[in-house]
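Asker: The sequence and its predicted three-dimensional model are supplied below.
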Amino acid sequence: MTLIGEVFVADVLGKAVLDPLGEEIGRLRDIAVEGGAPFPRAAGLVLEKKKKTYFLPWDDLNIFNRRIISSRKRETELSEFEPPHEMLLIGRDLLDKQIVDINGAKVVRVNDVKLTEEGGAACVTDVDVGVRGILRRLGVERRGDAFFHAIRHPLRHQLISWEFIQPLETKLDRLTLSVSREALAQIHPADIAQILSGMSPDERKGFFEKLDLETAAEALHELTPEVQADIITDMDKEQAADVIERMPPDEAADVIADLPAEKAQELLGLMEKEEAEDIHELLAHEEDTAGGLMINEYLAYPPGITVGEAMERFRKDAAEIEAFYYIYVIEEEKLLGALGVRDLILGDPSQFISDAMHKKLITVHADASQETVAELISKYNLLALPVVDEENCLLGVVTVDDVVDLLLPPASRRKRRKM
């Protein structure tokens, strides 16, 4: 067998395969590969002719390049064949799979695969994750290249070497780069969730363990309830409690609510008392009410401090809060007023916040419907809506982000079970 130069799979899929006399024995449907270090080796070709499928072992090839593929065998020497699921095929199992590009800290897609001669064998040496790979698949790489040259934006090859890609299981049908915790922390949680969603339970466990606690907490919220429950159930219970503890209380309550009651209570018992109490408080409210939508983390200061003192506290406290659109003024748990961040920055540092605050606030009770909450936030152009009880004590706030979730709900949003 002779492999001349390097071949991109998109250039040869669908190409005619010829016998020693130049007669067509079939069209190339796919390429089978087998695991190997450092690169997977081509094992044979899957051919198709007249709706029948055949397998041509790699050792029976004579020539393989982008212009001609020829076999030592004739059509009559081939047996009908249907690729088993456990056989790894480049087209079926590698193309369009997602991998993590640690250099760009983002999720990319395998648009094409490059075969190169290594030690007398044809090996998968690179995956193409760029526009060139897409154009090649469409059969318009040359025209596309000319167009981008004409507009002075030449297309560069975007290849990732296979040596940086680690299979997550022996079948090799799902890919990820060997990636450090630091690199994973740079990838958007929604992208990490997308990777996790495409994995088997065993794969998720290994991948999730690579995440630092903060990244794991952010990614967990982006997953569907079923995947969340599977991950938390498979994790060490102390680690699971640590991850949930780092989530905002409303997101943590969503995760806890989907677990079996015994598991939920076990994890709450392992968490810091204050965080566990915050989650318990949120779980007590119906999910489609203001109480169910609210977060109970907010910035609140007493009326007797100055704007300057409030600013000093704000610098320290804001890092611990997910959303801080307003600073609430509270005395004996009762809501007196609020300041916007702009009021704090531009205000007179010597003025008491009780004199600088806005006193006419729009509030809502915990049992108000989510429709009422959305209407109030929209009508009064609010960034956050305080939720109070009958005594006007501040229970929490519903942010504008939560209202957006009502209109465009993420996959993780669902009915919350009371505990």
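Answerer: Done, it's in.
Asker: what ranges of the stretch 201-350 of the chain fall below the confidence cut-off?
Answerer: 203 (pLDDT under 70).
Asker: Now do the strands in it.
Answerer: Assigned by DSSP state E, counting those that start in this stretch, the stretch 201-350 of the chain shows strands spanning 299-301, 326-331, 334-340.
Asker: Low-confidence bits of the stretch 51-200 of the chain, can you list those?
Answerer: Checking the stretch 51-200 of the chain against pLDDT under 70 turns up 100-107, 164-186, 198-200.
Asker: how about the strands in it?
Answerer: 52-57, 61-64, 69-71, 88-89, 98-101, 106-109, 112-118, 121-128, 159-161, 165-167, 175-177.
Asker: Dump these into JSON lines; add distance to Arg27 as well.
Answerer: No exception for glycine: its C-beta is placed from N, CA and C like everyone else's. Output for the strands of the stretch 51-200 of the chain, formatted as JSON lines (distance: least, C-beta to C-beta, whole Å):
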{"stretch": "strand 52-57", "distance to Arg27": "10"}
{"stretch": "strand 61-64", "distance to Arg27": "14"}
{"stretch": "strand 69-71", "distance to Arg27": "10"}
{"stretch": "strand 88-89", "distance to Arg27": "15"}
{"stretch": "strand 98-101", "distance to Arg27": "28"}
{"stretch": "strand 106-109", "distance to Arg27": "25"}
{"stretch": "strand 112-118", "distance to Arg27": "18"}
{"stretch": "strand 121-128", "distance to Arg27": "19"}
{"stretch": "strand 159-161", "distance to Arg27": "27"}
{"stretch": "strand 165-167", "distance to Arg27": "29"}
{"stretch": "strand 175-177", "distance to Arg27": "27"}
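Asker: Select, out of those, the one closest to Glu331.
Answerer: strand 106-109 (47.9 Å; C-beta to C-beta).
Asker: returning to that earlier point: and Val7, which of the strands of the stretch 51-200 of the chain is closest to it?
Answerer: When those are compared (using C-beta to C-beta), the closest one is strand 112-118, at 4.8 Å.
Asker: Show me how far that closest one is from its chain's centre.
Answerer: Distance of strand 112-118 from the chain centroid (C-alpha atoms, centre = their mean, to the nearest Å) equals 29 Å.
Asker: Which strands and helices lie in contact with that strand?
Answerer: strand 6-8, helix 9-12, strand 121-128, helix 131-138 (3 or more C-beta pairs under 8 Å, 6 or more residues apart in numbering; DSSP states H and E).
Asker: now the angle between helix 131-138 and it, please.
Answerer: 100 degrees (axes from the mean of the first three to the mean of the last three C-alpha atoms, to 10 degrees).
Asker: partner strands of strand 112-118, parallel or antiparallel?
Answerer: strand 6-8 (antiparallel), strand 121-128 (antiparallel) (DSSP bridges).
Asker: Could you single out the most deeply buried of the helices and strands packed on strand 112-118?
Answerer: strand 121-128 (a mean of 22; mean count of other C-beta atoms under 10 Å).
Asker: and that one, how far from the chain's centre?
Answerer: Centre to centre, stretch against its chain (C-alpha atoms, centre = their mean), the figure for strand 121-128 is 27 Å.
Asker: which residues sit against that strand?
Answerer: 1, 3, 6-8, 33, 36, 39-42, 58, 64, 90, 94, 99, 110-118, 136, 157-162, 165, 175 (C-beta atoms under 8 Å, 6 or more residues apart in numbering).
Asker: and if you look at stretch 338-346?
Answerer: Taking C-beta under 8 Å, 6+ apart as the rule, stretch 338-346 contacts 307, 310-311, 314, 324-329, 347, 353, 356-358, 361, 386.
Asker: Give the buried residues for it.
Answerer: Ala338, Leu339, Val341, Asp343, Leu344 (16 or more other C-beta atoms under 10 Å).
Asker: now swap in stretch 33-45 and tell me
Answerer: Buried, per 16+ other C-beta under 10 Å, within stretch 33-45: Val33, Phe39, Pro40, Arg41, Ala42, Ala43, Gly44, Leu45.
Asker: Let me have the helices and strands packed on strand 112-118 in a markdown table, extended by distance to Lys210.
Answerer: Output for the helices and strands packed on strand 112-118, formatted as a markdown table (distance: least, C-beta to C-beta, whole Å):
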| stretch | distance to Lys210 |
| --- | --- |
| strand 6-8 | 31 |
| helix 9-12 | 29 |
| strand 121-128 | 21 |
| helix 131-138 | 27 |
